[in-house]
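Novice: Quick one: sequence plus predicted model below, questions after.
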Amino acid sequence: MSFNILISDPLSEDGIFPLRQAEGMNIVVDTTCTPAELAEKIRDYDALLVRSQTQVTRDIIENAPNLKIIGRAGVGVDNIDLDAATEHGIIVVNAPDGNTNSAAEHTIAMLTALARKIPQAFNSLKSGEWDRKSFIGVELKNKTLGVIGLGRIGAEVAARAKGQRMNVIAYDPFLTEEKAKKMGISSGTVEEVLKAADFITIHTPLLKETRNMINAEAFAIMKEGVQIVNCARGGIIDEDALYDAIVSKKVAGAALDVFEQEPFVGHKLLTLPEVIATPHLGASTIEAQESVAIDVSHDVVTFLNGGAVRNPVNLPSVSKEVLAKIEPFFDLSEKIGIFLSRLSNKVIEEVNIYYAGELAESDVRPLTRNTLKGLLKRNLGEHVNDVNAKYLAERFGIKVNEHKTSTTKGFSNLITVEITTASGIRRVSGTLLNGLGARIVKVDDNLVDISPEGHLLFVKHKDQPGAIGRVGTMLAVENINIATMQVGRSTVGGDAIMMLTVDNHVKQENVSRLKELEDIYDVIAIDL
Ligand SMILES: NC(=O)c1ccc[n+]([C@@H]2O[C@H](COP(=O)([O-])OP(=O)(O)OC[C@H]3O[C@@H](n4cnc5c(N)ncnc54)[C@H](O)[C@@H]3O)[C@@H](O)[C@H]2O)c1
Ligand SMILES: O=C(O)[C@H](O)COP(=O)(O)O
């Protein structure tokens with residue numbers, strides 16, 4: 001198999017070595033494409049690798065029929081339309097760890113440069129002045145640093161600030177007092193942090209909730225003479241409000257690496273002597289660039305070769321340990337979905353998935369997605385995949401509920417999928433039998449034991465002598481060999497089912513003829 005890979009932002013050549021080395025990867029590096037050129041070019045590509053520069057818009061995604069994966073060599077994915085990618089079943093991966101250290105170091109560099117006015121003093125010196133009066137700074141020692149967003153970078157910055165003998169107070173929705181205590185810092189609400197800090201540094205992603213979170217109201221509650229650093233994302237600080245706060249002397253200085261519009265040229269903020277800035281250089285070190293490109297290249301190669309990625313953005317990521325436990329059930333859960341969708345061709349209103357046994361202790365979301373993928377495949381074919389299965393189910397108004405239960409009915413693990421349609425509930429259970437592989441063990445209320453593969457025939461009939469024979473004879477006439485057959489019934493003489501595995505696909509005309517036989521209520525051919 002061969003894949004076309006487009007790299008549209010400058011990536012470390014050493015970092016993309018895993019891509020260059022992998023078999024069948026045709027790599028094109030073109031970092032000069034305009035958005036219109038990219039929208040045209042992308043048609044032929046299976047993978048797109050970017051940094052923060054390329055805007056991967058809905059237009060581009062909708063013009064990319066072959067695109068399977070977008071790799072972001074870095075953290076922020078606000079330049080990628082994730083909804084559009086998810087809707088089109090395109091996985092987005094990033095490299096969240098590779099540039100943490102560089103971004104934290106850059107933040108500390110900006111903080112120190114801001115406190116001591118180093119860029120302003122350097123500019124003055126370069127212009128031939130020897131001015132030792134205009135650049136009186138302040139010490140960091142004993143000052144309070146407010147950290148908004150204590151994730152990877154925020155936590156590194158906090159640890160380094162402590163090394164500068166600063167007091168650190170942080171706000172993060174996931175920061176517990178206990179964790180803060182362990183880190184030797186204080187925790188507070190956003191307001192508490194903004195009020196307490198002499199310096200504020202932002203380390204959140206740019207989200208709906210964080211856009212303009214540092215606005216005029218936020219500046220109003222800060223200390224007089226506060227200084228602010230943003231090495232996270234432009235748009236988190238309202239740039240007009242920052243300009244006003246600096247002009248009014250509320251804010252004594254700002255160090256900015258990121259901006260609402262990049263490139264950031266000719267902006268009024270750059271006219272203020274209190275503002276120092278770098279052109280989005282937080283991750284621009286040899287080490288970070290190599291590391292993020294390696295990480296993302298690995299995920300792209302693994303994904304295109306059918307493997308599980310390490311850093312999915314639009315899929316919940318699960319740890320290696322959990323993956324090892326649930327991966328053996330991937331195929332079974334998809335097959336149960338396919339099986340059920342064949343059993344009932346009615347519009348699905350609700351799906352309930354019950355995980356029992358050891359599985360109930362794991363994060364089973366990937367299995368739920370696989371089941372949905374199987375259920376939706378009947379109507380959507382290859383348009384549905386792991387990435388968009390949940391989204392598509394929601395779009396079609398299907399309620400999906402995951403349940404964890406201890407009722408295993410004697411199996412060490414059991415997955416039961418129940419679909420509700422206007423005609424009622426259909427239910428299939430499956431398990432993995434030690435050494436024997438996957439089995440479907442229950443269809444509706446009937447116990448069965450079928451390997452979910454190949455060609456199956458599900459026959460609903462009356463529990464009467466002759467019904468089974470008639471089916472066997474008809475299949476023999478059509479030269480369809482029966483490999484296995486199981487019969488189950490709820491009551492003697494009542495409704496019963498036959499589950500047959502046969503050696504060939506059973507054509508629709510044969511299904512119709514079987515349905516005409518005496519005491520046969522329904523026949524469904526299922527290819528798994
Ligand atoms: N300047 C650069 O070159 C550069 C380099 C790397 C990362 N970044 C940016 O830095 C930021 C942080 O990156 P990271 O790797 O630490 O990400 P991360 O996901 O590890 O951390 C982000 C943290 O922000 C917190 N958060 C989310 N919403 C919040 C809110 N409303 N208020 C407070 N906290 C909130 C999250 O809980 C999380 O702990 C991102 O915006 C990323 O794009 C910039
Ligand atoms: O989010 C990130 O990883 C940083 O902003 C780095 O962006 P870059 O890859 O464009 O340097």
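Specialist: On my side now, so go ahead. Ligands and ions are numbered 1, 2, ... in the order given.
Novice: list the buried ones in the host helix or strand of residue 113?
Specialist: Element membership for residue 113, per DSSP states H and E: helix 100-116. Neighbour-count burial for helix 100-116, counted by 16 or more other CB atoms under 10 Å, picks out 100-111, 113-116. C-beta coordinates here come from the backbone N, C-alpha and C atoms, glycine included.
Novice: Going by distance to residue 156, which of those wins?
Specialist: Set against residue 156, the nearest of the buried residues of helix 100-116 by CB to CB is residue 104 (3.5 Å).
Novice: Around the residue nearest to the closest one when sequence neighbours are not counted, count how many other residues there are.
Specialist: Using CB to CB, 6 or more residues apart in numbering and skipping residues adjacent in sequence, the residue nearest residue 104 is residue 156, 3.5 Å away. Residues contacting residue 156 under the criterion other CB atoms under 10 Å number 19.
Novice: what's the distance between residue 156 and residue 474?
Specialist: Residue 156 sits 71 Å away from residue 474, going by CB to CB, to the nearest Å.
Novice: now residue 439
Specialist: From residue 439 to residue 474 the distance is 27 Å (CB to CB).
Novice: now do residue 502
Specialist: For residue 502, the distance to residue 474 (CB to CB) stands at 12 Å.
Novice: Ok, residue 311 next?
Specialist: Between residue 311 and residue 474 the computed distance is 54 Å (CB to CB).
Novice: Who has more neighbours out of the two?
Specialist: residue 311 (20 against 17).
Novice: Let me know whether that one touches residue 294 as I believe.
Specialist: No: between residue 311 and residue 294 there is no contact, the gap being 11.9 Å when judged by CB atoms under 8 Å.
Novice: Show me what the helix or strand harbouring residue 322 is packed up against.
Specialist: Following DSSP H and E, the helix or strand that holds residue 322 is helix 320-326. Judged by 3 or more CB pairs under 8 Å, 6 or more residues apart in numbering; DSSP states H and E, the packing partners of helix 320-326 are helix 365-380.
Novice: So for the helix it packs on, mean pLDDT?
Specialist: The pLDDT scores in helix 365-380 average 92.
Novice: now the helices for the stretch 1-150 of the chain?
Specialist: With helices called from DSSP state H, counting those that start in this stretch, the stretch 1-150 of the chain shows them at 17-21, 35-41, 58-62, 82-87, 100-116, 118-126.
Novice: hmm, the longest one in reach of ligand 2?
Specialist: What that stands for is helix 100-116. No: judged by CB under 6 Å from any ligand atom, helix 100-116 makes no contact with ligand 2; its nearest approach is 6.7 Å.
Novice: what about that helix and ligand 1, any contact?
Specialist: Yes: applying CB under 6 Å from any ligand atom, one finds helix 100-116 touching ligand 1 at 100, 103.
Novice: which strands and helices sit next to that helix?
Specialist: Under the contact rule (3+ CB pairs under 8 Å, 6+ apart), helix 100-116 is packed against helix 152-163, strand 199-202, strand 226-230, strand 251-256, strand 275-277, helix 286-304.
Novice: picking that back up, centre of the chain to the helix holding residue 113, how far?
Specialist: 30 Å (CA atoms, centre = their mean, to the nearest Å).
Novice: what does stretch 5-24 give?
Specialist: 22 Å.
Novice: Can you pull out the low-pLDDT segments for the stretch 351-500 of the chain?
Specialist: By pLDDT under 70, the stretch 351-500 of the chain has no low-scoring segment.
Novice: what are the phi and psi values for residue 351?
Specialist: When read as degrees, to the nearest 10, the backbone of residue 351 gives phi -120, psi 130.
Novice: One more: residue 482?
Specialist: Dihedral pair for residue 482: phi -90, psi 120, per degrees, to the nearest 10.
Novice: I'd like to know how far the residue in the chain that ligand 1 sits nearest to sits from ligand 2.
Specialist: Scanning the chain for the residue nearest ligand 1 gives residue 151, at 1.7 Å (criterion: CB to the nearest ligand atom). The gap separating residue 151 from ligand 2 is 12 Å, by CB to the nearest ligand atom, to the nearest Å.
Novice: For burial, what's the neighbour tally of the residue nearest to that residue when sequence neighbours are not counted?
Specialist: Excluding the flanking residues, the one nearest residue 151 by CB to CB, 6+ apart is residue 203, at 6.3 Å. In terms of burial, residue 203 registers 27 neighbours under the definition other CB under 10 Å.
Novice: confidence score at residue 203?
Specialist: Predicted confidence (pLDDT) for residue 203: 98.
Novice: Hmm, it is touching residue 147, no?
Specialist: Yes: counting by CB under 8 Å, residue 147 is a contact partner of residue 203 at 6.4 Å.
Novice: where do the contact lists of those two overlap?
Specialist: The contact sets of residue 203 and residue 147 overlap at 154, 157 (CB atoms under 8 Å, 6 or more residues apart in numbering).
Novice: Need the residues that contact stretch 373-392.
Specialist: 85-91, 314-315, 333-342, 345, 348, 351, 366, 368-370, 372, 393, 396, 400, 417, 419.
Novice: Quick one: buried ones out of these?
Specialist: Among the contacts of stretch 373-392, the ones that count as buried by 16+ other CB under 10 Å are 85-91, 314-315, 333-342, 348, 351, 366, 368-370, 372, 393, 400, 417, 419.
Novice: Please export the C-alpha coordinates of stretch 53-62 as CSV.
Specialist: Provided in CSV are the C-alpha atoms of stretch 53-62 (Å, rounded to 0.1, in the frame of the first residue of the first chain):
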residue,chain,number,x,y,z
GLN,A,53,0.5,28.2,10.4
THR,A,54,-1.7,26.1,8.1
GLN,A,55,-5.4,26.8,8.7
VAL,A,56,-7.1,23.5,8.1
THR,A,57,-10.6,24.8,7.5
ARG,A,58,-13.8,23.0,6.7
ASP,A,59,-13.4,24.0,3.1
ILE,A,60,-10.1,22.2,2.9
ILE,A,61,-11.4,19.2,4.7
GLU,A,62,-14.5,19.0,2.4
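Novice: And for the residue nearest to residue 189 when sequence neighbours are not counted, the neighbour number?
Specialist: Nearest residue to residue 189, sequence neighbours excluded (CB to CB, 6+ apart): residue 171, at 6.2 Å. By other CB under 10 Å, the residues close to residue 171 number 20.
Novice: Could you give the bridge partners of residue 171?
Specialist: When assigned by DSSP bridges, residue 171 has beta-bridge partners residue 148.
Novice: isn't it right next to residue 188, touching?
Specialist: Yes: Residue 171 lies in contact with residue 188 (CB under 8 Å); the separation is 5.9 Å.
Novice: Near ligand 1, which residues of the stretch 151-300 of the chain are found?
Specialist: Residues of the stretch 151-300 of the chain lying near ligand 1 by CB under 6 Å from any ligand atom: 151-154, 171-174, 203-206, 209-210, 231-233, 257-258, 280, 282-283.
Novice: who's residue 200 bridged to?
Specialist: Going by DSSP bridges, residue 200 forms beta bridges with residue 146, residue 228.
Novice: check contacts around it.
Specialist: Contacts of residue 200 by CB under 8 Å, 6+ apart are 145-148, 193-194, 214, 222, 226-229.
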